[in-house]
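S.K.: sharing a model prediction with you, sequence too.
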Amino acid sequence: MRHNEILLDLGLSDYNPVTFGYETCSPRHSYGPAVRSYWLIHYINSGKGSFTREGKTFNLSGGDLFVIPPYLETYYEADSTDPWSYVWIGFDSNENVSAFLQKPILHCPEAKHIFEEMKLCELKKFGKTEFLLAKLWEFFSMISANGKDHSSYTEIAIQYMKNEYMNPISVSELAKRLGLDRSYFSNIFKKQFGISPGKYLSNLRLSNAAELLTKHGMSPTTAAFSCGFTDIYHFSKAFKKQFGLSPRAYKEENKKKTSIK
């Protein structure tokens, strides 16, 4: 049994669903060798089969996915005694796709409900493509979370600091948001970047404060409060330690250098 949905091409730039369907295959049912012009993901609900990509053959079963990039030759075949049943979704993308999609196979049994829910698109008269896009992003979110490592935590931490340095955030609060012990978080951050997260946050605040002083003409008080410092004395002390001059002297020195040029 094979079911295929006709989708409206919305021409989306990030991920643009172009095909969707599902099939319970007959024994030894195969496709290829062939190429596709779009990305294609198959999620195996049950049964077994084999998938060949770039000269390597993988034996797959329920909970596995196989990924077909555009214009890459592949071949797949259902098992002779226990043929697979799968759901597929194909999409175009003008962006660099996530790293996990570069892998030929993935194992993610917990994603089964997402691909099963994709079938509900056949009940919709309008909005099929948008519905499938939402489910596709839900799957991406799940698979990305499953692949989290130390670098993922630190990348999130740095982005958070860049977004929130102007507010009185702390390392303890940041670790809590990541669901990590403060000491553990500090250790993995320092191991990757060579400085503590507290020092990184302080450097970030001070460099932005220096820019406000010199490029935007802000006063030391405005620069301090705009960069997450609640105590002007503490800001001045930290600034002088970092740059060798007080905020006001640093601003004046920059004015002299600019006027000479």
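M.R.: Cool, the structure landed.
S.K.: what's the helix or strand containing H42 packed up against?
M.R.: Here H42, judged by DSSP states H and E, is contained in strand 39-46. Counting contacts by 3 or more CB pairs under 8 Å, 6 or more residues apart in numbering; DSSP states H and E, the secondary-structure elements packed against strand 39-46 are strand 64-68, strand 85-92, helix 112-118. C-beta here means a position set from N, CA and C on the backbone, and glycine is covered the same way.
S.K.: F100 and F139 touch, don't they?
M.R.: No. Taking contacts as CB atoms under 8 Å, F100 lies outside contact range of F139: 10.3 Å.
S.K.: between the two, which has more neighbouring residues?
M.R.: The residue with more neighbours, out of F100 and F139, is F139; 19 against 15, by other CB atoms under 10 Å.
S.K.: where's the more buried one, which helix or strand?
M.R.: Element membership for F139 (DSSP H and E) is helix 128-146.
S.K.: with Y184 instead?
M.R.: helix 182-193.
S.K.: what mean pLDDT would you report for stretch 158-173?
M.R.: When pLDDT is averaged over stretch 158-173, the result is 91.
S.K.: hmm, back to that, quick one, the strand holding H42 and helix 128-146 angle?
M.R.: Regarding strand 39-46 and helix 128-146, their directions subtend 80 degrees when assessed with axes from the mean of the first three to the mean of the last three CA atoms, to 10 degrees.
S.K.: can you tell me the strand partners of strand 39-46 and which way each runs?
M.R.: According to DSSP bridges, the neighbouring strands of strand 39-46, each with its direction, are strand 64-68 (antiparallel), strand 85-92 (antiparallel).
S.K.: now tell me what touches the shortest one from outside.
M.R.: Spelled out, it's strand 64-68. For strand 64-68, the surrounding residues in contact (CB atoms under 8 Å, 6 or more residues apart in numbering) are 36, 39-44, 51, 53, 58, 60, 74, 76, 101-108, 111.
S.K.: now do the buried residues in stretch 39-54.
M.R.: Of the residues in stretch 39-54, those scored as buried under the neighbour-count criterion (16 or more other CB atoms under 10 Å) are 39-44, 47-53.
S.K.: what is the end-to-end distance of stretch 90-109?
M.R.: Between the start and the finish of stretch 90-109 there is a gap of 20 Å, counting by CA to CA, to the nearest Å.
S.K.: please compute how far that stretch lies from its chain's middle.
M.R.: The gap between where stretch 90-109 is centred and where its chain is centred comes out at 12 Å by CA atoms, centre = their mean, to the nearest Å.
S.K.: with stretch 243-261 instead?
M.R.: Worked out by CA atoms, centre = their mean, stretch 243-261 lies 41 Å from the chain centre.
S.K.: give me the mean pLDDT for that stretch.
M.R.: For stretch 243-261, the mean confidence score works out to 85.
S.K.: ditto for stretch 224-235
M.R.: The average pLDDT within stretch 224-235 is 94.
S.K.: export it as CSV, just CAs?
M.R.: Output in CSV follows, covering the C-alpha atoms of stretch 224-235 (Å, rounded to 0.1, in the frame of the first residue of the first chain):
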residue,chain,number,x,y,z
ALA,A,224,27.9,50.9,32.8
PHE,A,225,24.1,50.4,33.3
SER,A,226,23.7,49.6,29.6
CYS,A,227,26.1,46.7,29.9
GLY,A,228,24.8,45.0,33.0
PHE,A,229,26.8,46.8,35.7
THR,A,230,24.6,48.0,38.7
ASP,A,231,27.5,49.6,40.6
ILE,A,232,29.4,52.4,38.9
TYR,A,233,32.4,52.0,41.3
HIS,A,234,32.7,48.3,40.5
PHE,A,235,32.4,49.1,36.8
